[in-house]
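Q: Below: sequence and its predicted model.
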Amino acid sequence: MRIENRNLTWTLMPLFLAGVLCNTWRLEYHQQHVCAVNGSYVVIPCSFYYPDNHSVKKFMWGRVKSHHFKGRYIYDSNLSKVTTRFQYIGDENHNCSLKIHKVEHHDAGKYTFRFITNFKDGKWTGKGGSTLKVVDLNISVTQPDGNRTTKEGDSMNLTCINVCDHDNLSSAFIWFKNGELIKEGPVLYLSNMSSTNSGNYACSLKTHTGTTSGVIHIDVEYAPKNTSVSVRPSMEVDVGSNITLICSSHANPPVENYTWFKIYDDDDDDIMDVGHRTEFLPADGGQYLCSATNKHGSQNSSVVAIQIKHLWATFTRDVLIIATVAVLLIVIIVIALTSSVMILYMCFILHKKRMWTPKTDSEEDVQDTDYVNWLACDNNQSQEGNQCEGGTAEVVYTTVYFNNKTKSNMEQQMDSHTDDYEEVIYISLQKPTVEPFVH
């Protein structure tokens, strides 16, 4: 038995080797399954062989269904480019590789190569083909506490996953937040998170920016903050006027409840709940504050003091204003009257001076009058100084006229032969009446 088996083996081997050597038509797909990320490019490697006495006239690539080509060829060497995304990177000898740019999901399927030589029966497609799978990048979210709700202070890890890369080590990734590049690497670490970490995150292959993953939205929740009170129209109003207090706060989720408090003394413990709305209309003055609350906590605003101006205060203010205005008007009137009186007095003085000035026949004459008062005493009585003893003296009035008449040229010529013109001075004297001295 052993001898027969050995002889059979040696008999079949030459026949097998002869068949292999004679079978020179061959087509090889180096990867039966090819995976590509949506938006990236992919290469389907391929090799083909034909007899040496043949030459290739045409080669094509297409998608097949049930071992038959489906639709038109995606690449035909005898035609211009069927589509710009499919590129033949092989040659006419043995390399028949195909490159697909900007892979899309509908590109998935089975691809087969076919070539034709210069002989009549020189057509070869072969069996099998390469199957393309198109995937998206995925983001895996990991939280230490496993809670779906993200709060301030929490930590989170985001990992970009390429399922085509089984170990996820050969791929280079970049991260985006709200469309802006923020980091490189497969994992994005977020620790001690705050409201600034809220946003839309995505990853992409570093060498293919068009391979963006789906968006992960992170919403960091927090208790109310920046709680404050605004007053309209102002913190001081007249009695009977409307005043509105508005409470505002930043919170995520939004504030669920607003509470208003009034402080009745300096002790913060003596407060009273007076309302539960965003806006509050106080009935009277005082100190108020509001508190904003959501599921993560609450926060109080600072205290605001509202002052209601009473009627007497308003009346006093109005009286002071009216009195001030009246005083100013009186001062202005007094100043105006004083100025008018002074002007009238000056006009009167000037007018009086003109009236007492004597005139001559000639407008060029100028007369000056001086009055001299003399005390006349009796010769028999002694005089000492300006007083007379032993009697009463009457005042002697003397009037002196100075004639400054200007002569004409003719008069000057006539007077040139005569003596110098002498001015005449008129003096009037009145003798005093002396009364007898009685001892």
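A: That came in fine, so what should we check first? Residues are numbered from 1 along each chain as shown.
Q: next helix or strand past the helix or strand of the chain with the lowest mean pLDDT?
A: None of the helices or strands of the chain scores lower by mean pLDDT, DSSP states H and E than helix 2-22, at a mean of 36. Next helix or strand after helix 2-22 toward the C-terminus (DSSP states H and E): strand 26-29.
Q: buried residues in whichever helix or strand comes after that following strand?
A: Using DSSP H and E, the next helix or strand after strand 26-29 towards the C-terminus is strand 33-37. Buried residues in strand 33-37, counted by 16 or more other C-beta atoms under 10 Å: V34, C35, A36, V37. Heads up, the C-betas are built off the backbone N, CA and C, glycines and all.
Q: Closest one to T24 out of those residues, please.
A: V34 (26.9 Å; C-beta to C-beta).
Q: For that closest one, list the residues it contacts.
A: V42, I44, S130, T131, L132, K133 (C-beta atoms under 8 Å, 6 or more residues apart in numbering).
Q: Cross-check the contact I'm expecting between N95 and V43.
A: No. In terms of C-beta atoms under 8 Å, N95 does not count as a neighbour of V43; the distance is 11.3 Å.
Q: you'd agree A283 is in a helix?
A: No. Counting by DSSP: H, G, I helix; E, B strand; the rest coil, one finds A283 to be coil, located in no helix.
Q: now what about stretch 160-167, what contacts it?
A: So stretch 160-167 is in contact with 35-37, 133, 135, 137-140, 168, 171, 173, 175, 186-188, 203, 205, 213, going by C-beta under 8 Å, 6+ apart.
Q: hmm, which of these are the buried ones?
A: 35-37, 135, 137, 139, 171, 173, 175, 186, 188, 203, 205, 213.
Q: Where is pLDDT lowest across the residues you listed?
A: Among the buried ones among the contacts of stretch 160-167, S171 carries the weakest pLDDT, at 89.
Q: ok, and for the top strand by length along the chain, which residues are buried?
A: Longest strand in the chain, counting residues (DSSP state E): strand 220-232. Across strand 220-232, burial judged by 16+ other C-beta under 10 Å covers V220, E221, Y222, A223, P224, T227, V229, V231.
Q: Including pLDDT and distance to N294, could those go into TSV?
A: Listed next are the buried residues of strand 220-232 as TSV, based on pLDDT from 0 to 100; distance: C-beta to C-beta, whole Å:
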residue	pLDDT	distance to N294
V220	95	13
E221	94	8
Y222	95	9
A223	95	6
P224	95	6
T227	95	11
V229	93	18
V231	89	24
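Q: Quick one: those as TSV, columns for distance to T196 too.
A: Formatted as TSV, those follow (distance: C-beta to C-beta, whole Å):
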residue	distance to T196
V220	8
E221	13
Y222	11
A223	16
P224	17
T227	19
V229	26
V231	31
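Q: out of those, who's nearest R114?
A: V220 (57.0 Å).
Q: so who does the closest one touch?
A: Counting by C-beta under 8 Å, 6+ apart, V220 has contacts T150, K151, E152, D154, M193, S194, S195, N197, S198, N252.
Q: For the helix or strand where K110 lies, name the packing helices and strands.
A: Assigned by DSSP H and E, K110 belongs to strand 109-117. Contacts defined by 3 or more C-beta pairs under 8 Å, 6 or more residues apart in numbering; DSSP states H and E place strand 109-117 against strand 46-49, strand 56-65, strand 123-124, strand 130-135.
Q: Give the pairing partners of it; include direction for each.
A: Strand pairing for strand 109-117, determined by DSSP bridges: strand 56-65 (antiparallel), strand 123-124 (antiparallel), strand 130-135 (antiparallel).
Q: what angle sits between it and strand 33-37?
A: 120 degrees (axes from the mean of the first three to the mean of the last three C-alpha atoms, to 10 degrees).
Q: quick check: mean pLDDT across strand 109-117?
A: For strand 109-117, the mean pLDDT works out to 90.
Q: got a list of contacts for that strand?
A: Contacts to strand 109-117, defined as C-beta under 8 Å, 6+ apart, come from residues 27, 29, 44, 46, 48, 50-51, 54-65, 69-70, 74, 96, 98, 122-126, 128-132.
Q: Any buried residues in that strand, and which?
A: G109, K110, Y111, T112, F113, R114, F115, I116, T117.
Q: before we move on, back to that, and the contacts of stretch 160-167, which of them are in strands?
A: Filtering those for strands - DSSP E - leaves 35-37, 133, 135, 138-140, 173, 175, 187-188, 203, 205.
Q: Most widely separated two among the residues you listed?
A: K133 and L188 (26.3 Å).
Q: separation between the residue lying closest to W61 once chain neighbours are set aside and L132?
A: Leaving aside its sequence neighbours, W61 sits nearest to Y75 (C-beta to C-beta, 6 or more residues apart in numbering; 4.2 Å). From Y75 across to L132, the span is 14 Å (C-beta to C-beta, to the nearest Å).
Q: Also P254?
A: P254 sits 48 Å away from L132, going by C-beta to C-beta.
Q: More neighbours: those two, which one.
A: Legend: neighbour count by other C-beta atoms under 10 Å for P254 and L132, higher for L132 (21 against 10).
Q: Quickly note the distance from that one to P45.
A: Counting by C-beta to C-beta - L132 and P45 are separated by 12 Å.
Q: next one: I330
A: Relative to P45, and taking C-beta to C-beta, I330 is found at 110 Å.
Q: More neighbours: those two, which one.
A: Taking neighbours as other C-beta under 10 Å, I330 and P45 compare with P45 leading, 16 against 10.
Q: Quick one: neighbours of S249, just the number.
A: 22.
Q: can I assume it is in contact with G297?
A: No. Counting by C-beta under 8 Å, S249 stays clear of G297, with 11.2 Å between them.
Q: what is in contact with those two at once?
A: P224.
Q: related to what we said a few turns ago, looking at the buried residues of strand 220-232, which is nearest N242?
A: V231 (11.6 Å).
Q: which residues does that closest one contact?
A: I243, T244, L245, I246, V304, I306.
Q: Mind picking the one among these that's closest to L158?
A: I246 (39.4 Å).
Q: picking up where we left off before, and the contacts of V231, which two are the farthest apart?
A: Between any two of those (C-beta to C-beta), the greatest distance is 13.0 Å, for I246 and I306.
Q: who's more crowded, these two?
A: The residue with more neighbours, out of I246 and I306, is I306; 18 against 15, by other C-beta under 10 Å.
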